[in-house]
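# Sequence and computational prediction follow.
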Amino acid sequence: MSDLLLEWTLPVSPEAVFPAFDQPSLIRRWFGAPPGCHRTHAPDPGALGQPYRVMLRDALGRAFAQVGCLVEAEPPRSLALEMDWEGGPVPSGRTRAELTFHPTDDGGTRVQVRQGPFVEDAARDAHRAYWEACLGRLSRVVTGEAVPCFEEFWEESRGYVGPLGAAAYAVLAGLREAGAPPEAVSQVEDVLYTHLTRLREDTAEVLGAVLQSRVEGGAS
């Protein structure tokens, strides 16, 4: 048995970090997939004690899920969740992840992640890679980028809807560059995350090609 211990430094205070853990519009911009995989459903952990499920696909397109429950929350100092995996590359086994947020002398936050127990070192190491990927995205979210995960959105969408994902990425990027209010961009992004996965593959390919041609035509 072993535990994962991980520290990460963020450039803003714990009070500025914690909303990214309890606001769905912010959570889905950093709480993503393990390396090499992509998310097909935006996560919403819901209320304290309410189960959540994040739908994902691995590098070969096979579906799997992260399941869990937020079990403790003490804003802006700490939270704890229980999590497990149904399929996928991360070894299964229910564990408890405790995150604490410590203010630093320069106004930032030192995030400590403690998770376990892990029966195998491979499972612990897989979770380390998972948290490092997520916290890297979180760093971008808390610094206030309007739509901080365009690259991640494009990578995830490309995994399951082909050209439609690239076209959707172009639409969101266009909205941002045109100066659309962040709330409007967030609403469009939310609709795309919700509905892209419901399209049949052949339909997505046709719509993606049409939309992409219109985007490219408008830019010429």
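Perfect, thanks for sending it.

# where does the protein dip in pLDDT?
Scanning the chain with the threshold set as pLDDT under 70 gives 41-46, 145-167, 169, 193-194, 196-198, 211-212, 214-220.

# residue ranges of the helices in it, please?
For the chain, the helices defined by DSSP state H cover 14-17, 19-22, 24-27, 121-142, 150-161, 163-177, 182-195, 201-219.

# Save these as TSV, and put in distance to residue 60 and mean neighbour count too.
The way it works is simple: take the backbone N, C-alpha and C, and place the C-beta from them, glycine included. TSV is the format used below for these (distance: least, C-beta to C-beta, whole Å; neighbours: other C-beta atoms under 10 Å):
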stretch	distance to residue 60	mean neighbour count
helix 14-17	35	18
helix 19-22	31	18
helix 24-27	27	17
helix 121-142	17	17
helix 150-161	10	20
helix 163-177	17	19
helix 182-195	22	14
helix 201-219	15	14
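
# And these: which comes nearest residue 66?
helix 121-142 (9.0 Å; C-beta to C-beta).

# Keeping just the C-alphas, turn that closest one into CSV.
Output of helix 121-142 as CSV, limited to C-alpha atoms (Å, rounded to 0.1, in the frame of the first residue of the first chain):
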residue,chain,number,x,y,z
ASP,A,121,2.9,1.6,-7.6
ALA,A,122,1.6,1.6,-11.2
ALA,A,123,-1.8,2.9,-10.1
ARG,A,124,-0.2,5.6,-7.9
ASP,A,125,2.0,6.7,-10.8
ALA,A,126,-0.9,6.8,-13.3
HIS,A,127,-2.8,9.1,-10.9
ARG,A,128,0.3,11.3,-10.5
ALA,A,129,0.3,11.8,-14.3
TYR,A,130,-3.5,12.5,-14.2
TRP,A,131,-3.2,15.2,-11.6
GLU,A,132,-0.2,16.8,-13.2
ALA,A,133,-2.2,17.1,-16.5
CYS,A,134,-5.2,18.5,-14.7
LEU,A,135,-3.3,20.9,-12.5
GLY,A,136,-1.4,22.2,-15.5
ARG,A,137,-4.7,23.2,-17.0
LEU,A,138,-5.9,24.6,-13.7
SER,A,139,-3.0,27.0,-13.7
ARG,A,140,-4.3,28.5,-16.9
VAL,A,141,-7.9,28.7,-15.6
VAL,A,142,-7.1,30.6,-12.4
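
# Figure out how far it is from the centre of its chain.
Its chain's average C-alpha position is 10 Å from that of helix 121-142, according to C-alpha atoms, centre = their mean, to the nearest Å.

# ditto for stretch 99-116
The chain centroid and the centroid of stretch 99-116 are separated by 19 Å under C-alpha atoms, centre = their mean.

# Give the buried residues for it.
99, 100, 101, 108, 109, 111, 113, 115, 116 (16 or more other C-beta atoms under 10 Å).

# what does the domain assignment say about the protein?
Domains of the chain are assigned by automatic domain parsing as 2-142, 150-219.

# Verify the stated contact: residue 40 with residue 55.
Yes: here residue 40 reaches residue 55: they are 4.9 Å apart, a contact under C-beta atoms under 8 Å.

# More neighbours: those two, which one.
residue 40 (20 against 16; other C-beta atoms under 10 Å).

# Given the biggest strand by length in the chain, what are its sheet partners and their directions?
Counting residues, the longest strand found in the chain (DSSP state E) is strand 63-74. Paired strands of strand 63-74, with direction, are strand 51-57 (antiparallel), strand 78-86 (antiparallel) (DSSP bridges).
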